[in-house]
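[1] next input, structure requested:
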Amino acid sequence: QVQLVESGGGLVQAGGSLRLSCAASGRTFSNYAMGWFRQAPGKERDFVATLDRNGGSTLYANSVKGRFTISRDNAKNTVYLQMNSLKPEDTAVYYCAATLLFGSSRAHYGYWGQGTQVTVSS
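    This next block holds a predicted model:
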């Protein structure tokens with residue numbers, strides 16, 4: 001089992017920044033690729049970003065490319081999502097997730113956090 005706890009969400013004005021954190025516990029963190037997904041009210045949970053076990057390979061959704069950066073610190077069992085130039089359409093609950101398979105498919109992620117709310121005001 002892998003337990004994931006997100007933090008860092010909040011209310012921010014458009015153009016601002018937030019950094020989300022996801023602390024992992026349980027099995028060896030460095031064995032897992034980590035991802036961030038988001039879900040807006042009434043919508044599907046969508047892929048945002050992922051990086052592999054060592055942090056050497058990343059993938060981003062087109063909607064966040066150039067604005068968001070995913071990173072990890074395996075010594076701290078933590079993955080981050082730095083979000084810059086935030087837009088109202090970024091408003092959602094953000095979830096971190098763990099997978100043994102690197103990729104953007106939600107179906108591959110077996111472990112999920114409880115989510116953290118990000119609200120971007122216009």
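[2] could you use CA atoms for every contact and neighbour count after this?
    Will do.
[3] mind listing residues that contact stretch 46-65?
    The contact list for stretch 46-65, computed with CA atoms under 8 Å, 6 or more residues apart in numbering, reads 30-39, 69-72, 102-106.
[4] what are the ranges of the strands in this protein?
    2-7, 10-13, 18-26, 33-39, 45-51, 58-60, 68-73, 78-83, 92-99, 111-112, 116-121 (DSSP state E).
[5] ok, the shortest one: who's next to it in the sheet?
    Strand 111-112 has its sheet partners listed here by DSSP bridges as strand 92-99 (antiparallel).
[6] do the first one as well
    Note on strand 2-7: by DSSP bridges, its sheet partners are strand 18-26 (antiparallel).
[7] could you list the residues in contact with the partner strand?
    1-10, 12, 76-84, 96, 113.
[8] what of stretch 95-110?
    2, 4-6, 22, 31-38, 46-47, 49-52, 59, 111-116.
[9] list the contacts for the residue of the chain positioned farthest from its centre?
    Taking CA atoms, centre = their mean, the residue of the chain most remote from its mean C-alpha position is residue 122, at 22.4 Å. Residues near residue 122 by CA under 8 Å, 6+ apart: 13, 14, 87, 88.
[10] which of those fall within helices?
    Counting by DSSP state H, no part of the contacts of residue 122 is found in helices.
[11] of these, just the buried ones, PyMOL syntax please.
    Entered in PyMOL, the line below selects the buried ones among these, by 16 or more other CA atoms under 10 Å:
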select buried, resi 14+87
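[12] let me have the contacts of residue 122 in TSV, extended by pLDDT and distance to residue 65.
    Below are the contacts of residue 122 laid out as TSV (pLDDT from 0 to 100; distance: CA to CA, whole Å):
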residue	pLDDT	distance to residue 65
13	98	19
14	98	17
87	98	13
88	97	16
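[13] beta partners for the residue sitting nearest the centre point of the chain?
    In the chain, the centroid-proximal residue (CA atoms, centre = their mean) is residue 36; its distance is 2.4 Å. In this entry, residue 36 is beta-bridged to residue 49, residue 96, by DSSP bridges.
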